[in-house]
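Fold the following for me, if possible:
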Amino acid sequence: MFKTFNRVNEGVPIMLAPISQYLRQQGASLMAEGSVNSKNAVQLIQVSDSRYATHVDRYANANRRKIRTAKTAKPANVSVGLEKGSNDLFLEKSFKKDQRFRRMIAADFEYFFNLNKRAPELLSLFIDEQLKNGNKNLTEQQINTTLAQSMTLFRYLHEKDVFERFYKHHLARRLLASRTTPDESEKAMLSKLRHECGYSYTSKLEGMYRDILVSATFNDKFRDFCFQSDIPPLSIDLSVQVLTTGFWPMPPATANVHLPNDIQKGFLEFRKLYLDTHNGRQLSLQNNLGTAEMSAEFYGAPAINEKAPIETSPATAKMVRRHILQVTTYQMCVLMLFNQQPEWSYQDILTASAIPEKDLKRTIATLSTGKIRILLKLGGGKFTAENATCFIINDSFYSPLYKVKVNSGVKLDFKEEQQDEEMREAKDKLESDRRHEVDAAIIRIMKGRQQLDHSELVAELNVQLRHRFTPTMDMVKKSIEGLIAKDYLSRTDENRSIYRYVA
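Numbering: from 1, shown residues only. Alright, predicted model coming up:
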């Protein structure tokens, strides 16, 4: 069909309209379907690519069999591949890499990709899944290829500043959860983002990355210091991540939690060395972000009968089972209390640990409910931390794994039904930040040009902010009116749509 229409003057533009219309219809349908089943961002994007590859094959085969005129033809069953390979196949086989179709495909894909308001979040989740430490299903070459394809999607995003916020949270989780230094894939992704949007876009992200690398170096220095000095050797392997305020998305913790003596002693030694090395700095513990590995021994008979509740399982035989428990700092503080006495009430745990009550409720719930129950509550009825008579160690705990990861109880993904309040606050802050960015961009433009027509100002504004977001006309109008009220701009008497910079 393309060969036929290409021989006729204005034949190709006749093809563009119906194909573009169908592209947008199929894309909108797919994004609407994805928004309903978008719990798994990776699956959504992969399914989308598979669906598009199928459309490409159908289109190519259909047009070998039948040619229709532009007036009678229905829109071709065609769509755009999410992967660059699908796009190239589409263009090469069907349209001989015609640049008009290449531009049309890009414009249509950008249109329907941004129909889904969660597109920035889903793309960040997709990249997060590829970069998670321990992802053994993909080779380094496959990861790099996927990241390159993800950047193609990133270029289509209108709200790149929203993507940055989600990516910052996901990057923070990856860096803090990893027990090794970040791999080259993290650095490569930051480099791609910097090349696309500039240093200002990635400055905080790269600052987070540097914090982890510098912390690893200083931890080695601290271990050498402990080995060479005359202080008593620590009974723990302490690793401290020093996070720069302003880079990381988590707010600073204010709770003064009572840490176990050995850990508190180790931190004080680390703090002394760090402050002696870096004058004028301050260190405060972020206990809500820490993790620990604990050695635990259980002596009761293992509760491996799924029909019997763990609380009522027999524990008569002495069977020592050793495990390494991977827990949060709060969970560690609670469990370490049971080395002092076998039973603790909720109120006593609250007093002894000084963990904020909201966090303590979640911590005890993760330790005493679910599949991994390290603690047992004494007393029947529905679980309520405050009403439980006492908690004891579950000596019948059983797991086939030597290393057991205990659920932290903290949701890492941004799900609206779970974090409505946080999402509303983030949206309000985002709108405020955007207003400031629009104001600053307008002032920069007008200071350089001195006088501009409204349409020219909007065009230059879109160019300057294209790596962050696309400002709405209402946002631009309010920003201009605000700057006029503050005497940064003025309208000319001859034409009210022309603005003049006020020095």
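
what residue ranges in the stretch 401-503 of the chain score low on pLDDT?
409-426, 503 (pLDDT under 70).

swap the cut-off to 80 and go again
408-429, 503 (pLDDT under 80).

And the strands in it?
For the stretch 401-503 of the chain, the strands defined by DSSP state E, counting those that start in this stretch cover 403-405, 451-453, 489-491, 498-501.

Adding distance to Met208, write those out as TSV.
Bear in mind the C-beta positions are built from the backbone N, C-alpha and C, glycine included. Formatted as TSV, the strands of the stretch 401-503 of the chain follow (distance: least, C-beta to C-beta, whole Å):
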stretch	distance to Met208
strand 403-405	24
strand 451-453	38
strand 489-491	37
strand 498-501	37
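
what about those, which gets the closest to Val463?
strand 451-453 (12.9 Å; C-beta to C-beta).

and the closest one, which strands flank it?
strand 498-501 (antiparallel) (DSSP bridges).

Just the buried positions in the strand it pairs with, please.
Ile498, Tyr499, Tyr501 (16 or more other C-beta atoms under 10 Å).

Now do the strands in the protein.
Along the chain, the segments classed as strands by DSSP state E run 291-298, 321-328, 375-378, 390-393, 403-405, 451-453, 489-491, 498-501.

what about those, which gets the closest to Gln149?
Going by C-beta to C-beta, the one of those nearest Gln149 is strand 403-405, 31.0 Å.

Which secondary structure elements does that closest one sit against?
Strand 403-405 sits against strand 321-328, with contacts defined as 3 or more C-beta pairs under 8 Å, 6 or more residues apart in numbering; DSSP states H and E.

Let me know the average pLDDT across the strand it packs on.
Mean per-residue pLDDT for strand 321-328: 92.

and it with strand 291-298, angle?
For strand 321-328 against strand 291-298, the angle by axes from the mean of the first three to the mean of the last three C-alpha atoms, to 10 degrees is 150 degrees.

Could you spell out the sheet neighbours of strand 321-328, each with its direction?
strand 291-298 (antiparallel), strand 403-405 (parallel).

lowest-confidence helix or strand of this structure?
Lowest on mean pLDDT, DSSP states H and E among the helices and strands of the chain sits helix 41-65, with a mean of 47.

Please report the distance of Arg281 from Ala253.
17 Å (C-beta to C-beta, to the nearest Å).

of those two, who's got more company?
Each of Arg281 and Ala253 has its neighbours counted (other C-beta atoms under 10 Å); Ala253 has more, 16 against 10.

the domain parsing of this protein - what is it?
2-116, 155-282, 290-405, 420-501 (automatic domain parsing).

tell me, what residue is most central in this protein?
Taking C-alpha atoms, centre = their mean, the centroid of the chain lies closest to His170, which sits 2.8 Å from it.

measure that one to Lys429 for me?
For His170, the distance to Lys429 - C-beta to C-beta - is 18 Å.

what do you get for Phe225?
Relative to Lys429, and taking C-beta to C-beta, Phe225 is found at 41 Å.

Of those two, which one has the most company?
Of the pair Phe225 and Lys429, Phe225 is the one with more neighbours under other C-beta under 10 Å, namely 16 against 11.

Give the closest residue to that one in space, chain neighbours not counted.
Nearest residue to Phe225, sequence neighbours excluded (C-beta to C-beta, 6 or more residues apart in numbering): Leu273, at 5.7 Å.

cool, Met151 as well?
Lys192 is the one closest to Met151 (C-beta to C-beta, 6+ apart), at 5.1 Å.

Over to Tyr274?
Leu283 (6.1 Å).

wait, what's in contact with the one you found?
By C-beta atoms under 8 Å, 6 or more residues apart in numbering, the contact set of Leu283 is Val242, Arg271, Tyr274, Leu275.

in the stretch 51-200 of the chain, which ranges drop under the pLDDT threshold?
51-103, 105-106, 112, 133-140, 178-183.

No further queries at this time; thank you.
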